[in-house]
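Peer 1: Predicted model and sequence follow; I will ask about them next.
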Amino acid sequence: MAMGRIAGRFTRVEPRLRAGRLVLGLLSDLPRKNCWTIAEWAGEAAPHGMQHLLSRAVWDADGVRDDVREYVVEHLHDEAAVLVVDETGDVKKGTHTVGVQRQYTGTAGRIENSQVAVYLVYAGMRGHAAVDPELYIPRSWTCER
């Protein structure tokens, strides 16, 4: 997908350019993908810019999601396509990341301190793509301010 399609979702050029590098890093063959590894892969000295993009920069994440979904439907259109719900857990060491608690995660195959995301994936004969991610928020997190 050309980055020009989502360019208008960013209020500044710097986050738009960094988002392009982030996407390329996510699509790369890096064995581990996080802000540190992707920033290094993109030639940045530290992960601060990638972290800023994901947590504080001003851009329309929902609009980007919608643009990606439209692109997927346009280019992977298949009358027999299905939507697949997939959950993925990431083991976490701390307890301050949103949604982290001791819970089952298939990544570890057991109950671990982890964060779980749920993905809606479009799957058809011409390909597949994640079209809507959401973070699973356990009840223990909804009771605290």
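Peer 2: Right, received. Where do you want to start? Quick caveat: nothing in here was measured; it's all calculated off a predicted structure. Numbers count the residues shown, from 1 in each chain.
Peer 1: for the lengthiest strand in the chain, packing partners?
Peer 2: When the chain is parsed with DSSP state E, its longest strand is strand 110-124. Judged by 3 or more CB pairs under 8 Å, 6 or more residues apart in numbering; DSSP states H and E, strand 110-124 is in contact with helix 61-76, strand 82-91, strand 101-105, strand 127-135. (Glycine included, C-beta is placed from N, CA and C.)
Peer 1: Run through the neighbouring helices and strands of the last one.
Peer 2: Spelled out, that is strand 127-135. Packing partners of strand 127-135 (3+ CB pairs under 8 Å, 6+ apart): helix 61-76, strand 110-124.
Peer 1: okay, and for this structure, where does confidence drop off?
Peer 2: For the chain, the stretches flagged by pLDDT under 70 are 1, 144-145.
Peer 1: Using the record, which stretches count as separate domains in it?
Peer 2: If you go by automatic domain parsing, the domain ranges for the chain are 1-59, 80-145.
Peer 1: Any chance of JSON lines for the ones you listed, columns mean neighbour count?
Peer 2: Output for the domains of the chain, formatted as JSON lines (neighbours: other CB atoms under 10 Å):
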{"stretch": "domain 1-59", "mean neighbour count": "15"}
{"stretch": "domain 80-145", "mean neighbour count": "13"}
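Peer 1: Tell me which of the ones you listed sits nearest to Glu70.
Peer 2: domain 1-59 (8.6 Å; CB to CB).
Peer 1: ok, back up a step: quick one: which of the helices and strands packed on strand 110-124 is nearest Ile38?
Peer 2: strand 82-91 (15.2 Å).
Peer 1: Just the C-alpha atoms of the closest one, please, in PDB.
Peer 2: Provided in PDB are the C-alpha atoms of strand 82-91 (Å, rounded to 0.1, in the frame of the first residue of the first chain):
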ATOM      1  CA  VAL A  82     -13.900 -14.800   5.500                       C
ATOM      2  CA  LEU A  83     -13.100 -12.800   8.600                       C
ATOM      3  CA  VAL A  84     -11.000 -14.600  11.100                       C
ATOM      4  CA  VAL A  85     -10.700 -13.500  14.800                       C
ATOM      5  CA  ASP A  86      -7.300 -14.100  16.100                       C
ATOM      6  CA  GLU A  87      -5.900 -13.400  19.600                       C
ATOM      7  CA  THR A  88      -2.200 -13.000  20.300                       C
ATOM      8  CA  GLY A  89      -0.600 -12.700  23.700                       C
ATOM      9  CA  ASP A  90       2.600 -11.000  24.400                       C
ATOM     10  CA  VAL A  91       4.500 -12.000  27.600                       C
END
